[in-house]
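Participant: Attaching a predicted model along with its sequence, questions to come.
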Amino acid sequence: NFIRVAAVLKALKNLRVAKIGERPVPFMSVMTNEANLINRIGITTVPISPFAVAERAKKLIEDNNAQYEAYYQDLTARLDCSAMPEENVKKVAATKLAIESLMEENNCSVGAFECWSAFPAVLGVCPCTVLGEMADSGYPLACETDVNGAITLAILRACNLYEDSEFLADLTIRHPQNDNAELLWHCGPFPYSLKASESQARMVDGQERFELKQGHLTLCRFDDIDGKYSLFVGEADTTTGPETNGTYVWMQTDDWKRWEEKLMFGPYIHHLGGTYGSYLPVLREVARYLEIEFDNAHEQGIHSL
């Protein structure tokens, strides 16, 4: 646990977050104070233009070098891409390699990505699959230019000592038969390495479609309001539930009503980071060293009226 705490603190010290584009217009919730992040924690956001990504991706397709061809073959071997034109699958592969190289050049280990709101216009394809592929390459990206979500992924990545990928999910709906279970979902950006072995992996319109494996999860969210930073953390087990599209997994908590109230009354948004393993004690120590509020999902907070 000591090593894991040290790893997280080291990851956050001088962390550079690639900010690829701006937030989608309706997503006011993902706004963050970049100056506060530098002054308070030492985290810098590095702007990268979606146009720069698109131009580099186009050049990769034109040059068709060995690295690009090898990755394209690997991607199509793992994912059923028959629902997409070959040209668009190549754009997805090229976008992943383009972003990876730009992040390496800018010394960024995580990123926040203007995904569905920008790249269909500049490249002609939705790049959701790219986010999961980047996580498996060690450069996790948060959807919808969620900078605090990217920091959450950096925390979880260091927490498991870089041994497993992490994912950023939407909090969506309650399980139809289990009041303590909730659907963790996103349109298609979860890492392929976390896929359930029995779930068929497909790519449709640039978005992955599969269910994550069963196991024990640590859920986390780094967020702020009025200059005050909080770290929400809870542990839960996955469970089974109705099949849906996109990438998803059902999680069962000890008391979803308590979790829900904390997430609604706290300074948090609809994105929650997840990784497989048990890391709540580690993250409690991380919050103590950072001198930020530790919000334990397993302790009662505000009661709703």
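Facilitator: All right, it came through fine. This one's a predicted model, so the numbers in the text were calculated from it and none came from an experiment.
Participant: Spit out the contact partners of L290.
Facilitator: 9, 12, 41, 229, 231 (Cβ atoms under 8 Å, 6 or more residues apart in numbering). Heads up, the C-betas are built off the backbone N, CA and C, glycines and all.
Participant: wait, doesn't R288 sit right on P281?
Facilitator: No: at 10.9 Å, R288 and P281 do not qualify as touching, with contact defined as Cβ atoms under 8 Å.
Participant: which among the contacts of L290 gets closest to M84?
Facilitator: Taking Cβ to Cβ as the measure, M84 lies nearest L12 of the contacts of L290, at 37.6 Å.
Participant: wait, isn't the closest one in contact with L153?
Facilitator: No: contact criterion Cβ under 8 Å: L12 and L153 do not qualify, at 11.7 Å.
Participant: Comparing the two, which shows the higher neighbour count?
Facilitator: Each of L12 and L153 has its neighbours counted (other Cβ atoms under 10 Å); L153 has more, 32 against 20.
Participant: Report pLDDT for that one.
Facilitator: pLDDT recorded at L153 is 98.
Participant: and what of the one 5 residues further on?
Facilitator: Note for A158: predicted pLDDT of 98.
Participant: And it, how close does it get to C220?
Facilitator: Separation of A158 from C220 (Cβ to Cβ, to the nearest Å) stands at 11 Å.
Participant: And Y248, by the same measure?
Facilitator: Taking Cβ to Cβ, one finds Y248 at 18 Å from C220.
Participant: go on, N245?
Facilitator: Distance, N245 to C220, by Cβ to Cβ: 25 Å.
Participant: Tell me the helix or strand right after the lowest-mean-pLDDT helix or strand in the chain.
Facilitator: Between all helices and strands in the chain, the lowest mean by mean pLDDT, DSSP states H and E belongs to helix 119-122, at a mean of 84. Under the assignment DSSP states H and E, the closest C-terminal helix or strand after helix 119-122 is helix 128-136.
Participant: Please enumerate residues in contact with that next one?
Facilitator: So helix 128-136 is in contact with 75, 79, 92, 95-96, 99-100, 111, 113, 115-116, 140-143, 153, 165-168, 186-193, 203, 206-208, 247, going by Cβ under 8 Å, 6+ apart.
Participant: repeat that for 7 Å
Facilitator: With Cβ atoms under 7 Å, 6 or more residues apart in numbering as the test, helix 128-136 has contacts from 92, 95-96, 99-100, 113, 115-116, 140-141, 143, 165-167, 187-193, 203, 206-208.
Participant: which strand in this protein runs the most residues?
Facilitator: Ranked by residue count under DSSP state E, the longest strand found in the chain is strand 228-239.
Participant: just checking, next helix/strand downstream of it?
Facilitator: Counting by DSSP H and E, the element after strand 228-239 in chain order, helix or strand, is strand 247-252.
Participant: what about that next one, distance to the chain center?
Facilitator: In this view, strand 247-252 has its centroid 14 Å away from the chain centroid, taken as Cα atoms, centre = their mean, to the nearest Å.
Participant: Kindly report the same for stretch 105-125.
Facilitator: 13 Å.
Participant: Let's see the distance spanning that stretch from one end to the other.
Facilitator: Using Cα to Cα, to the nearest Å, the end-to-end distance of stretch 105-125 comes out at 24 Å.
Participant: which residues are contacting it?
Facilitator: Contacts to stretch 105-125, defined as Cβ under 7 Å, 6+ apart, come from residues 15-24, 46, 48, 50-51, 54, 57, 88, 91-92, 95, 103, 126-128, 131, 139-147, 149-150, 153-154, 206.
Participant: Give me the buried stretch members for that stretch, please.
Facilitator: 108-119, 122-123, 125 (16 or more other Cβ atoms under 10 Å).
Participant: what does stretch 9-29 give?
Facilitator: Result for stretch 9-29 [16+ other Cβ under 10 Å]: buried residues 11-12, 15-21, 23-24, 27.
Participant: go on, stretch 227-240?
Facilitator: 229-236, 238-239.
Participant: CA-only coordinates of that stretch, as PDB, when you get a sec.
Facilitator: Extracted in PDB, the C-alpha atoms of stretch 227-240 (Å, rounded to 0.1, in the frame of the first residue of the first chain):
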ATOM      1  CA  GLY A 227     -11.200  25.700  -5.400                       C
ATOM      2  CA  LYS A 228     -11.800  22.800  -3.100                       C
ATOM      3  CA  TYR A 229     -10.700  19.400  -4.300                       C
ATOM      4  CA  SER A 230     -12.400  16.100  -3.400                       C
ATOM      5  CA  LEU A 231     -11.700  12.400  -4.000                       C
ATOM      6  CA  PHE A 232     -14.700  10.100  -4.100                       C
ATOM      7  CA  VAL A 233     -13.800   6.400  -3.700                       C
ATOM      8  CA  GLY A 234     -15.800   3.300  -3.300                       C
ATOM      9  CA  GLU A 235     -15.400  -0.500  -3.900                       C
ATOM     10  CA  ALA A 236     -18.000  -2.700  -5.600                       C
ATOM     11  CA  ASP A 237     -18.400  -6.100  -7.300                       C
ATOM     12  CA  THR A 238     -19.500  -6.500 -10.900                       C
ATOM     13  CA  THR A 239     -22.800  -8.300 -11.500                       C
ATOM     14  CA  THR A 240     -24.800  -9.600 -14.400                       C
END
